[in-house]
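Asker: Using only what follows, build the 3D model:
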Amino acid sequence: MLRGNAKARNAFTKKVVNLLLISVLILSCLAGCTGKTEEGTDGKQEANITESDYFNKEGLPVVNEPVTLTVLTTRWGSMGDSFVQNQFLKDLEANTNIKIEWQVQSLSDWGEQKGILLAGGELPDIIMGSRTFQDADIVNNMEMFLPLDDLIDPYMPNYQKALEAMPELKKTVTFLNGKMYSMGKNLPKRPVTCNQPIINKAWLDRLGLEEPTTLEELYTVLKAFKEQDANGNGNPNDEIPITGTKGLSMDLLNPFGITDLYETLMLVNDDNSLTFYPTSDQYKKGLEWLHKLYSEGIIDQEAFTQDDTMAVGKNQDPNISRVGFSYNWIPDAVYGQWKDEYIALAPIAGPDGKRYAGGDPSGIASIARNEALITTNCKYPEVAARWLDQFYTGEASIQNFWGAIGTVISKNSDGTYTLNSPPEGTSADAWYWDQSLRDFGPKYVSSGFQEKIILSPESGDGLKLELSKLGEDHITKPYPNVFFTLEEIEELSTLGTDIGKYIDVTRAAWITEGGIAEGWDAYVNQLKAMGLERMIQIRTDAFERYQKGE
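Answerer: Numbers count the residues shown, from 1 in each chain. Modelled structure (predicted):
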């Protein structure tokens, strides 16, 4: 009957198609409502994981069948991925039923690799470590990262407690749009003084010199180190008073009141005003002093050209100690077998008679954001959230910072925790980095839990806490970890790069060749022509927002 009637035949076909579509929609709805899942080709569970028996909202394991998550993190230099073998991470995998495929990148070439990764958009499930993706990376690619606000309350009780207990942490991780795209950290037992003056005490004693306290006394000591046989090997020409790697540490300008803790080029004055120090009078005087040291051979003539390998070869020469003075965290992290020859000094008094030390009253890099992000590529954000939340207990955090209990840490019967001594021939700091995520990654240690941690004052972080006391009365207020708007980030990206390169090149020339007095006015005018005033205004606006709690 329908064969000879085109209208009827079309109407019948349309009814069939509509019925089929309705059937598919009903089946899809039923599958979603009942929480059923299908086994994926890679063994993972697909569909709505939180509404199935497969996922546990509380307790452990997080999932009843193994799930694999990919986690990207970065490390300094050639540190590698030895930390993934520590017992804490192994136990975490067993207890949660979540297997981690680690992607470990070196920060040495991460800038280029990061650009390629963001351009391709194929991000792993979790990004870990504040040096991996920073504010600009997140704000410029916000569609690639999940806001965590709706995940924290139902799935992250440990992190929720941390945010409630430490308002400063919540302030730090909340972006300008009011959302939290990353998780933060609060490190335990942090010193408030950063790099400190370190001097070879054995050289002082051999030459009959006192520990320097002023810039003039320091010059006298360094001059003696250069001209005399300070290391006692019979050769008065192999001592290097000061060295560096592709430049000099800006900490050498601390006596002039320049303490750029977080490399912002800004100083926060006592009245909360800001100074862009590369155009300040104290910066000019500081570079004149460094040129004097360089011209007299006190500063290594290879300091601006040598790489890390060459510098380490001098700092840790297997035959004899060769370097006299530096600014560093602690001696054993730099001077290897010669570490016992070195001591830390109180801040060197500058031309104005005052002492200045780079530091942070809240603890150096103690509170930070961008330690963990969940990407929009993650199929199981709830699972990722629950896995990350495991890092926010006291025990988990100290293991994530120093190393596993039973290896780096001993758990005592009285409820305290003691850091063990490193293996022979290894510095404590190097051991911690080998055994943990160390500075990077999520962690929170409450003030109460910190009282249970026992550190040795002889090495590593315990030694640093002792040395920190030398500078604590002299620390300056650092420019804080502020947020910038997207527009500000885009402007700073261009302004900061061009201005920063010009400052670096000019500084190196003035230290090695001199001429700062003659070239100063032209230098300042060039910076202004490059947009310096706009860059200062952006940093000032962000600082003022931070001060207001915005």
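Asker: CA only for contacts and neighbour counts going forward, please
Answerer: Will do.
Asker: show me what contacts N269?
Answerer: By C-alpha atoms under 8 Å, 6 or more residues apart in numbering, the residues touching N269 are T275, K477.
Asker: For G111, see how far away E263 is.
Answerer: According to C-alpha to C-alpha, to the nearest Å, E263 stands 17 Å off from G111.
Asker: do Y417 as well
Answerer: 38 Å.
Asker: Kindly report the same for I538.
Answerer: Distance from I538 to G111, by C-alpha to C-alpha: 24 Å.
Asker: With S106 as the reference, measure out to Q526.
Answerer: Applying C-alpha to C-alpha to Q526 and S106 gives a distance of 35 Å.
Asker: more crowded one of the two?
Answerer: Remark: of Q526 and S106, S106 carries more neighbours, 18 against 14, as counted by other C-alpha atoms under 10 Å.
Asker: so what pLDDT did the closest residue to that one other than its chain neighbours get?
Answerer: Nearest residue to S106, sequence neighbours excluded (C-alpha to C-alpha, 6 or more residues apart in numbering): R75, at 5.1 Å. pLDDT, R75: 96.
Asker: burial count for R75?
Answerer: Neighbours of R75 (other C-alpha under 10 Å): 22.
Asker: what do you get for the one 10 residues further on?
Answerer: Other residues within reach of Q85 by the criterion other C-alpha under 10 Å amount to 12.
Asker: do G121 as well
Answerer: Count around G121 with other C-alpha under 10 Å applied: 13.
Asker: can you check G257 too?
Answerer: For G257, the neighbour count with other C-alpha under 10 Å is 23.
Asker: which non-adjacent residue is nearest it?
Answerer: Once flanking residues are discounted, G257 sits nearest to Y356: 5.6 Å by C-alpha to C-alpha, 6+ apart.
Asker: what's the residue nearest to S106 in contact with, if anything?
Answerer: R75 is in contact with V104, Q105, S106, L107, counting by C-alpha under 8 Å, 6+ apart.
Asker: The stretch 151-300 of the chain: strands as residue ranges?
Answerer: 183-186, 196-200, 266-268, 274-276 (DSSP state E, counting those that start in this stretch).
Asker: tell me the most buried of these?
Answerer: strand 183-186 (a mean of 28; mean count of other C-alpha atoms under 10 Å).
Asker: Partner strands of it and their direction?
Answerer: strand 367-374 (antiparallel), strand 443-444 (parallel) (DSSP bridges).
Asker: can you list contacts of it?
Answerer: Residues contacting strand 183-186 (C-alpha under 8 Å, 6+ apart): 169, 172-173, 366-373, 441-445.
Asker: if you set the cut-off to 10 Å instead, what comes out?
Answerer: For strand 183-186, contacts defined as C-alpha atoms under 10 Å, 6 or more residues apart in numbering pick out 128-130, 148, 152, 159, 162-163, 166, 168-170, 172-174, 362-363, 365-374, 388-389, 391-392, 397, 439-446.
Asker: Also stretch 224-242?
Answerer: 199-200, 202-207, 209, 218-219, 221-223, 248, 252, 293-294, 296-301, 303, 314-315, 319-327.
Asker: Which among those count as buried?
Answerer: With burial judged by 16 or more other C-alpha atoms under 10 Å, the buried subset of the contacts of stretch 224-242 is 199-200, 202-204, 207, 218-219, 221-223, 248, 252, 293-294, 297-301, 303, 314-315, 320-327.
Asker: Out of those residues, list just those in helices.
Answerer: 202-204, 207, 218-219, 221-223, 293-294, 314-315 (DSSP state H).
Asker: ok, which pair from these is furthest apart?
Answerer: Maximum pairwise distance among those (C-alpha to C-alpha): 23.5 Å, between A202 and Y294.
Asker: Per-residue confidence, the residue nearest to V67 when sequence neighbours are not counted, what does it come out as?
Answerer: With C-alpha to C-alpha, 6+ apart as the criterion, V67 has its nearest non-adjacent residue at 5.0 Å, and that residue is I98. What the model reports for I98 is a pLDDT of 98.
Asker: cool, and V482?
Answerer: 94.
Asker: ok, now how distant is T540 from Q547?
Answerer: Distance from T540 to Q547, by C-alpha to C-alpha: 10 Å.
Asker: Neighbour count for these two, which is higher?
Answerer: Comparing T540 with Q547 by neighbour count (other C-alpha under 10 Å), the higher total belongs to T540, at 16 against 12.
Asker: Let me see the contact set for that one.
Answerer: M266, S273, L274, T275, R534, Y546.
Asker: the bottom helix or strand of this structure by mean pLDDT?
Answerer: helix 6-34 (a mean of 37; mean pLDDT, DSSP states H and E).
Asker: Can you name the two of the contacts of T540 that sit furthest apart?
Answerer: Farthest pair in the contacts of T540, by C-alpha to C-alpha: R534 and Y546, 18.5 Å.
Asker: close enough to count as contact, K171 and Y546?
Answerer: Yes: in this structure K171 lies within contact range of Y546 using C-alpha atoms under 10 Å: 9.4 Å.
Asker: where are the low-confidence patches of this structure?
Answerer: For the chain, the stretches with pLDDT under 70 are 1-51, 550.
Asker: about what we covered before: who wins for proximity to H474 among the strands paired with strand 183-186?
Answerer: strand 367-374 (21.0 Å).
Asker: packing partners for the next helix or strand after the closest one?
Answerer: For strand 367-374, the succeeding helix or strand toward the C-terminus, using DSSP states H and E, is helix 381-389. Other elements packing on helix 381-389 under the criterion 3 or more C-alpha pairs under 10 Å, 6 or more residues apart in numbering; DSSP states H and E are strand 67-75, helix 87-96, strand 98-106, strand 126-128, helix 149-155, helix 157-165, strand 367-374.
Asker: Please identify the most buried of these.
Answerer: By mean count of other C-alpha under 10 Å, the helices and strands packed on helix 381-389 have strand 367-374 as the most buried, with a mean of 26.
Asker: now the strands for the stretch 451-550 of the chain?
Answerer: Counting by DSSP E, counting those that start in this stretch, the strands of the stretch 451-550 of the chain are 453-454.
Asker: Please, where are all the helices along it?
Answerer: 460-468, 486-513, 516-529, 532-547 (DSSP state H, counting those that start in this stretch).
Asker: Mind putting those helices into a markdown table with distance to Y283?
Answerer: Below are the helices of the stretch 451-550 of the chain laid out as a markdown table (distance: least, C-alpha to C-alpha, whole Å):
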| stretch | distance to Y283 |
| --- | --- |
| helix 460-468 | 25 |
| helix 486-513 | 10 |
| helix 516-529 | 11 |
| helix 532-547 | 16 |
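Asker: got the domain boundaries for the chain?
Answerer: 2-34, 49-191+364-473, 196-358, 486-547 (automatic domain parsing).
Asker: for the longest one, the distance to its chain's centre please.
Answerer: Between the centre of domain 49-191+364-473 and the centre of its chain there are 11 Å (C-alpha atoms, centre = their mean, to the nearest Å).
Asker: Equivalent analysis for the last one, please.
Answerer: Taking the mean C-alpha point of domain 486-547 and that of its whole chain, the gap between them comes to 24 Å (C-alpha atoms, centre = their mean).
Asker: end-to-end on that domain?
Answerer: End-to-end for domain 486-547, by C-alpha to C-alpha: 19 Å.
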